[in-house]
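Asker: Sharing a sequence plus its predicted fold:
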Amino acid sequence: MNTFQLSCFLAVAEHLNFARAAEELHVTQPAVTQQIHSLEKELGATLFQRTTRKVSLTAEGLAFLSDAQQIQALTHRALDRFAHPQDQPFVPFSLGSVFHLHLLWLAPALRLLREELPSLHPMLQVAGGPYLQQLLEEGSLEGVLGFALPARRKSGISFQEVRRAPMVCLLPEGHPLASRESLSLEDLSGQRLVLFDPSKPIPITTGAMSQMLGARTPAELYFAQSPEAMAALVQAGYGAGFLPDVFPPWGCGCARVPLRGMEPASLRLYYRARQASAPLKALLRILRECDSRPKLRETMGKHRDI
């Protein structure tokens, strides 16, 4: 199917007359007829009912009409865009994240990126880790923000660590341990736990997870799909939660207490090393320079209370 075939189809559908369609397109009537025959053969459907007296759209033709109009409109839009590149209103830039709150953490860096690249048009997506990794490898995303993506050989995916976040414990306000300066896993013995769902890319090592689980029974464990879900369960009194200190406060009525003896979580920005766009390279540079930008460091740094 090509654009000329679509133009012929739409002209005949409008005039219901091959001669008038040819006149509108400034071609001969046999040329229009040939294009319609080729299109019908490609689609495997008869688009027009022809008699010696009139031309009418078949049911298949009516069904195809709306699609053809949309395809032609999109084609014209694309051609206009490339014909006048200086008039493009934005430069697309797509990022993905497993958690909504990671994107809030990234917002100060995106603001600096906007100052450098005013025409940038970020498109942010939240989805599961395997799906985001697939989109990244296919080129549908330029970067994915997350703790850990499954390693795949020859995927061409690299990453830059953008935050090394210490682990904190979520506790309901008023909990006896909520006023502590810090906690150890031993301090939480006897407490029920709220943990990230193991199906999510989690920032906790296998050893640390085993240490947390200890001798607890399944009845003493609850699992959450997101930080917000974890905070809701903690606030409701189901147990103590564990988070990396990289999620901005969102007013959930929980206290956040630093945990001792746990390895910090590595928040990473994954990208295709050989196909990194200019906006992505600029974002990586801004994140590397975070420590030299006091306001950005303060905004993207630690938060003690949620």
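Answerer: Here it is on my side, so go on.

Asker: residue ranges with poor pLDDT in the stretch 201-306 of the chain?
Answerer: For the stretch 201-306 of the chain, the stretches with pLDDT under 70 are 201-209, 211, 248-252, 291-306.

Asker: What segments of it are helices?
Answerer: With DSSP state H, counting those that start in this stretch as the criterion, the stretch 201-306 of the chain has helices at 206-213, 227-235, 278-288, 294-300.

Asker: tell me the domain ranges of this protein?
Answerer: The chain breaks down by automatic domain parsing into domains covering 3-85, 91-164+266-300, 167-263.

Asker: would you turn these into JSON lines with mean neighbour count?
Answerer: The C-beta positions use only the backbone N, C-alpha and C, and glycine is treated the same way. Formatted as JSON lines, the domains of the chain follow (neighbours: other CB atoms under 10 Å):
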{"stretch": "domain 3-85", "mean neighbour count": "14"}
{"stretch": "domain 91-164+266-300", "mean neighbour count": "16"}
{"stretch": "domain 167-263", "mean neighbour count": "17"}
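
Asker: Find the nearest non-adjacent residue to Leu112, please.
Answerer: Spatial nearest neighbour of Leu112, excluding adjacent residues (CB to CB, 6 or more residues apart in numbering): Ile286 at 5.2 Å.

Asker: Please look at that neighbour and Arg111 and confirm they touch.
Answerer: No: Ile286 is not in contact with Arg111 according to CB atoms under 8 Å; the separation is 9.7 Å.

Asker: phi, psi of Gly237?
Answerer: Backbone torsions for Gly237, taken as degrees, to the nearest 10, come to phi 90, psi 20.

Asker: Now it. Nearest residue, chain neighbours left out?
Answerer: Of all residues beyond its chain neighbours, the one nearest Gly237 is Pro172 (5.9 Å), with distances taken as CB to CB, 6+ apart.

Asker: And the residue nearest the centre of the chain, which helix or strand is it part of?
Answerer: Taking CA atoms, centre = their mean, the centroid of the chain lies closest to Gln125, which sits 2.1 Å from it. Here Gln125 sits within strand 120-126, counting by DSSP states H and E.

Asker: For that strand, which strands pair with it and how are they oriented?
Answerer: Counting by DSSP bridges, the strands paired with strand 120-126 are strand 91-97 (parallel).

Asker: Distance from the helix or strand just after the strand it pairs with to the middle of the chain?
Answerer: Moving toward the C-terminus from strand 91-97, the next helix or strand (DSSP H and E) is helix 100-116. What separates the centre of helix 100-116 from the centre of its chain is 14 Å, taken as CA atoms, centre = their mean, to the nearest Å.

Asker: about what we covered before: beta-bridge partners for the residue nearest to the centre of the chain, please?
Answerer: Per DSSP bridges, the residues bridged to Gln125 are Gly96.

Asker: isn't it right next to Val98, touching?
Answerer: No: the pair Gln125 / Val98 is not scored as a contact, 10.4 Å apart, by CB under 8 Å.

Asker: between these two, what contacts are shared?
Answerer: Leu132 (CB atoms under 8 Å, 6 or more residues apart in numbering).

Asker: which other residues reach the helix of greatest length in the chain?
Answerer: Identified as the longest helix of the chain according to DSSP state H is helix 59-83. With CB under 8 Å, 6+ apart as the test, helix 59-83 has contacts from 3, 6-7, 9-10, 13, 43, 45-48, 57, 87-88.

Asker: Would you reformat these as JSON lines and include secondary structure?
Answerer: Below are the contacts of helix 59-83 laid out as JSON lines (DSSP: H, G, I helix; E, B strand; the rest coil):
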{"residue": "Thr3", "secondary structure": "helix"}
{"residue": "Leu6", "secondary structure": "helix"}
{"residue": "Ser7", "secondary structure": "helix"}
{"residue": "Phe9", "secondary structure": "helix"}
{"residue": "Leu10", "secondary structure": "helix"}
{"residue": "Ala13", "secondary structure": "helix"}
{"residue": "Leu43", "secondary structure": "helix"}
{"residue": "Ala45", "secondary structure": "coil"}
{"residue": "Thr46", "secondary structure": "coil"}
{"residue": "Leu47", "secondary structure": "coil"}
{"residue": "Phe48", "secondary structure": "strand"}
{"residue": "Leu57", "secondary structure": "strand"}
{"residue": "Asp87", "secondary structure": "helix"}
{"residue": "Gln88", "secondary structure": "coil"}
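
Asker: I'd like the distance between the closest residue to Leu280 other than its chain neighbours and Arg272.
Answerer: Closest residue to Leu280 apart from its sequence neighbours, by CB to CB, 6+ apart: Glu142 at 5.0 Å. Using CB to CB, to the nearest Å, Glu142 is found at 8 Å from Arg272.
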